[in-house]
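Undergrad: Have a look; sequence and predicted model below, questions after that.
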Amino acid sequence: MAQGLLTDKYLSGIPEGSRASKEHGFLKPQHITDEKLKRINQLNNIAKKRGQSLAQMAIAWLLKDKRLTSVLVGISKPEQVDDCIDSIKKLDFTSEELKEIENILK
């Protein structure tokens with residue numbers, strides 16, 4: 001999930017205790033720019049309209065490619081497993097949703 005960026009954790013900035021708030025690790029505060037937060041929030045708005053969490057939509061977006069049979073995700077809490085599994089409840093995307101997502105990702 002892009003080091004947690006494609007979850008709801010960073011929607012309002014860098015929370016205390018998150019990967020980006022720690023001195024060690026791959027994700028650094030300077031990687032979480034205002035532009036990235038804007039895009040993440042735009043994607044989150046689409047996910048909400050779809051009735052999904054941002055993480056669920058990200059997984060569904062990957063699984064829309066019929067060549068893929070699985071997506072590997074990392075979790076840090078047991079309840080995240082259920083959230084990931086729930087992504088299969090809505091795997092279809094409208095053409096408008098796909099266009100909107102592609103425009104955000106440009």
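TA: Structure's in. What do you need? Numbers count the residues shown, from 1 in each chain.

Undergrad: and the longest helix along the chain, what does it pack onto?
TA: When the chain is parsed with DSSP state H, its longest helix is helix 34-50. With contacts taken as 3 or more Cβ pairs under 8 Å, 6 or more residues apart in numbering; DSSP states H and E, helix 34-50 sits against helix 54-63, helix 95-105. (Glycine included, C-beta is placed from N, CA and C.)

Undergrad: Quick one: closest of these to residue 80.
TA: helix 54-63 (7.8 Å; Cβ to Cβ).

Undergrad: Can you name every helix or strand that the closest one contacts?
TA: Counting by 3+ Cβ pairs under 8 Å, 6+ apart, helix 54-63 packs on helix 34-50, helix 79-85.

Undergrad: quick one on the thing from earlier: buried residues, the longest helix of the chain. List them.
TA: Under the neighbour-count criterion of 16 or more other Cβ atoms under 10 Å, helix 34-50 has 37, 40, 43-44, 46-47, 50 buried.

Undergrad: Same check on stretch 85-99?
TA: Applying 16+ other Cβ under 10 Å to stretch 85-99 flags 87, 93, 97 as buried.

Undergrad: Next up, the contacts around residue 93.
TA: Residues in contact with residue 93 (Cβ atoms under 8 Å, 6 or more residues apart in numbering) are 60-61, 64, 101.
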